[in-house]
Every structure is written in C-alpha cells, then in structure tokens.
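Asker: okay, sequence plus prediction incoming.
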Amino acid sequence: MFTSVLMIEKALTSADVEFVTTLHGDESVSFHVLLQPRGDQADRLLRAIDDIALGELDEAAHERDTPEGRSAAALGRQALDVSLAALHAAGSEAEGRLIEDHPLDALKALVGEIGADEVIVLTDPHYVEEFFHRDWASRARHKVGVPVLKLFSHSKAQ
C-alpha cells in the first residue's frame, strides 16, 4: 500500500478527491491528511493579493470577515471531517489531524512517523508565496526527504 501525506487548507471537493485517489492508478493508497486552519492576520494581505491576481475582487474585499487563527479551528475541524468522509466514501483509507503551529515541522514529523512515500500539497494558487518559493510545497521539498507533489484545488470550497 502506498502512503501519502495530504496537506490541505480547506475541505476537499469531489473533484479533488477523485484527483488524489486516482493518482496511482489501481494501487491502494492510505492518506494521512493535515489541515491548518487559516493563519493569522499577517497572512491576510497575501491572501488578498492572491484574490486580486485571480480576479476575485469580492473575495479580497471580504478577507477581513473570515475567521482566522484560533477562531478558525472549528471551521478547520469541519473541513477536515468532510475531507476524511469524502476520502472514505471513495474507498481510501484516511485519517487526519489539524495543525496548530508550524505546519512544516508537523509535516516532517508525520512523514517520519508513518514512513510516508510522498507528500501531496493541495492548495489554491498563492502567487506571492510561490514567486518567492515560500509556499508549503517549495519549503517542504527541502525538509521532508520524500517526493513532494504540488497540486491546485479544482474549485473553491466554501
């Protein structure tokens, strides 16, 4: 069985589930999902710039209305539960946890703990972070010791 760590930032859509569960053809895959609820206010500007770059001006204008940090934990738990249920419904083994602090440290520890074969980072585009190679996938490639695949979410989950 192939073991994948799946880092996500929001609930998986049905298209995302189909995408990640078919990456390895007929080989069975066990997923260990890590989800970090939205970050603190320091991340708000970067998200607004990404929204503007994607032409989503309404999203940029409403960035301040979305819960962040500790207040986003309940939404994060719900997104994780929905994602795990969707992976199970697709016939995959899956377990997961929320990341409270230092996502790359949690990722590295989990990869070592379970002997993961790969890491899949599934996110929306983050142009500023990607340009400076500060996105999760770019940083994880130097830290975890297994292949890191970066994929973009198929659609916005609300």
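Answerer: Noted; the coordinates are in hand. Numbering: from 1, shown residues only.
Asker: what does stretch 20-34 rub up against?
Answerer: Residues from elsewhere that reach stretch 20-34 (CB atoms under 8 Å, 6 or more residues apart in numbering): 1-8, 12, 80, 83-84, 87, 90-99, 103, 106-107, 110, 114, 116, 120, 122, 149, 151. In this view, the C-beta of every residue, glycine as well, is placed from N, C-alpha and C.
Asker: which of the residues you listed fall in strands?
Answerer: 2-8, 93-98, 120, 122, 149, 151 (DSSP state E).
Asker: can I have the buried ones of those residues as a ChimeraX selection?
Answerer: A single ChimeraX command suffices to select whichever of the ones in strands among the contacts of stretch 20-34 are buried according to 16 or more other CB atoms under 10 Å:
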select :3,4,5,6,7,8,94,96,98,120,122
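Asker: what's near enough to touch the nearest residue to residue 140 once chain neighbours are set aside?
Answerer: Nearest residue to residue 140 in three dimensions, chain neighbours excluded: residue 148, at 4.8 Å (CB to CB, 6 or more residues apart in numbering). Taking CB under 8 Å, 6+ apart, we find residue 148 in contact with 118, 119, 120, 121, 137, 140, 141.
Asker: tell me the most packed of these, by neighbour count.
Answerer: With neighbours taken as other CB atoms under 10 Å, the top of those is residue 119, carrying 27 neighbours.
Asker: pretty sure it sits against residue 151.
Answerer: No: counting by CB atoms under 8 Å, residue 119 sits too far from residue 151 to count as a contact (11.0 Å).
Asker: so residue 35 sits against residue 5, correct?
Answerer: No: assessed by CB under 8 Å, residue 35 is found out of contact with residue 5, at 11.5 Å.
Asker: quick check: longest helix of this protein.
Answerer: Longest helix in the chain, counting residues (DSSP state H): helix 73-89.
Asker: for the protein, which residues score under the pLDDT cut-off?
Answerer: Regions of the chain meeting the criterion pLDDT under 70 cover residues 38-72, 125-135, 154-158.
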